[in-house]
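Peer 1: sharing a model that was predicted from the sequence below.
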Amino acid sequence: MSRYVGRILSLVAVLCALCSCKGGQGQPSGPSQRDFRPSKAPAMMTEQSDIVLYLSEHFWDSLWDVSDKWLRDSSHVSGVSYASLRDQMSSFMEICGNLPLESARRSMRKLCKDAVAHKTNDPSLTDFEVFNEFIELCLFDPNSPYRNEDLYEPYAALLSECEYVGPAGREKYSRQAAQCRLNPVGSVAADFSFSDKVGKIRTLHSIKAEHTILFFSNPGCEACKNIIEYLRSERKVNSMIASGALAVVNVYIDEDIESWYNYMPYYPEEWYNGYDHNQIIRTDELYDVRAIPSLYLLDRDKRVLLKDCPEPVMYDAIQKL
């Protein structure tokens with residue numbers, strides 16, 4: 001299954017409520033839509049690290065307005081449309097990317113607690129449910145350009161114990177949080193064996209290189225082709241592979257081995273191309289491969305630097321190696 005960045009983009013914002021004239025002055029005829037404005041750091045704050053941390057913790061503060069003048073439906077949170085929220089997500093992710101991971105995770109916990117407090121303040125409002133769906137689509141959906149399981153895990157973990165999501169919701173969020181805990185950033189990636197085209201068995205941890213790109217791919221997958229073409233054409237990638245500084249471990253984890261063999265001429269010979277001969281990566285849940293392609297970046301000790309990251313994130317990281 002190829003990734004198609006579209007599920008979030010297909011959520012269309014509802015039009016602003018029409019206004020009517022009354023007594024010579026325009027009055028809103030009902031709840032209205034509004035633009036989202038992220039919080040700004042206090043002027044007295046001068047340390048860059050403090051500013052970034054403050055912005056991550058308070059980015060969404062202006063969202064939690066209980067006023068009845070705002071439009072609320074399946075595409076709005078306190079009058080702010082999915083489209084407006086989506087437009088701000090890249091800024092929020094950039095801020096989190098400039099923090100230590102655990103600080104960014106604390107900001108996600110605070111965000112979830114703010115959403116719960118908003119629900120507690122007025123249980124009749126739908127903002128809590130709609131915002132949870134938005135966060136799930138952005139950070140957990142395998143097709144999202146913002147996906148980041150390390151940031152989603154603390155949010156889902158709190159929801160798994162939240163009274164407002166109901167038993168089925170708690171079970172869902174508990175399952176998602178568990179998925180996110182597989183091979184998190186900073187952990188040593190789970191080892192596994194794979195077979196190459198001539199039947200030689202290798203293991204992930206036996207590959208020696210300063211950095212390893214772990215690439216789960218499928219034959220004929222269009223997004224996989226694009227990644228292969230990018231890596232094949234990058235002079236830096238080829239130079240690092242030649243020097244032994246970088247290895248690409250390209251693994252097929254499904255069952256149609258004949259198709260994989262037929263596709264072999266398309267894979268670069270200097271890569272470690274193999275298939276999951278034991279069929280355990282999915283069944284043993286060693287990796288949470290919810291969609292193909294899936295990219296990881298590992299260091300020399302096979303510690304996870306990037307987990308199932310969007311392609312642009314991987315490409316940017318490669319340029320910084």
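Peer 2: All right, it came through fine. Because the structure is predicted, anything quoted here is derived from the model rather than measured.

Peer 1: what about the stretch 151-300 of the chain, any weak spots by pLDDT?
Peer 2: Applying pLDDT under 70 to the stretch 151-300 of the chain flags no residue at all.

Peer 1: helices of that one, residue ranges please.
Peer 2: Applying DSSP state H, counting those that start in this stretch to the stretch 151-300 of the chain gives helices spanning 166-180, 222-233, 235-243, 257-262.

Peer 1: so what does the first one touch, helix or strand wise?
Peer 2: Packing partners of helix 166-180 (3 or more CB pairs under 8 Å, 6 or more residues apart in numbering; DSSP states H and E): helix 149-159. Any C-beta I mention is one placed from the backbone N, CA and C, and that applies to glycine too.

Peer 1: and the angle from the helix it packs on to helix 166-180?
Peer 2: 150 degrees (axes from the mean of the first three to the mean of the last three CA atoms, to 10 degrees).

Peer 1: returning to that earlier point: mind putting the helices of the stretch 151-300 of the chain in a markdown table, distance to residue 131 and mean neighbour count included?
Peer 2: Formatted as a markdown table, the helices of the stretch 151-300 of the chain follow (distance: least, CB to CB, whole Å; neighbours: other CB atoms under 10 Å):
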| stretch | distance to residue 131 | mean neighbour count |
| --- | --- | --- |
| helix 166-180 | 14 | 15 |
| helix 222-233 | 29 | 16 |
| helix 235-243 | 39 | 14 |
| helix 257-262 | 42 | 13 |
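
Peer 1: adding distance to residue 93, write the ones you listed out as CSV.
Peer 2: Output for the helices of the stretch 151-300 of the chain, formatted as CSV (distance: least, CB to CB, whole Å):
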stretch, distance to residue 93
helix 166-180, 16
helix 222-233, 20
helix 235-243, 25
helix 257-262, 34
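
Peer 1: out of the ones you listed, nearest to residue 145?
Peer 2: Residue 145 sits nearest to helix 222-233 of all the helices of the stretch 151-300 of the chain, at 12.2 Å, using CB to CB.

Peer 1: that closest one: how far from the chain's middle?
Peer 2: In terms of CA atoms, centre = their mean, to the nearest Å, the centre of helix 222-233 is set 20 Å apart from its chain centre.

Peer 1: quick one, that helix and helix 235-243 angle?
Peer 2: Using the same axes, to 10 degrees: helix 222-233 against helix 235-243 is 70 degrees.

Peer 1: same for helix 222-233, what does it pack against?
Peer 2: helix 311-320.

Peer 1: so what secondary structure elements neighbour the helix it packs on?
Peer 2: Secondary elements touching helix 311-320 (3+ CB pairs under 8 Å, 6+ apart): helix 222-233, helix 235-243, strand 294-299, strand 304-306.

Peer 1: the third one to helix 222-233, inter-axis angle?
Peer 2: The reference is to strand 294-299. 40 degrees.

Peer 1: what residues of strand 294-299 count as buried?
Peer 2: Within strand 294-299, the residues that count as buried by 16 or more other CB atoms under 10 Å are 294, 295, 296, 297, 298.

Peer 1: among these, which two are most distant?
Peer 2: The span of those, defined through CB to CB, is set by 294 and 298 at 13.2 Å.
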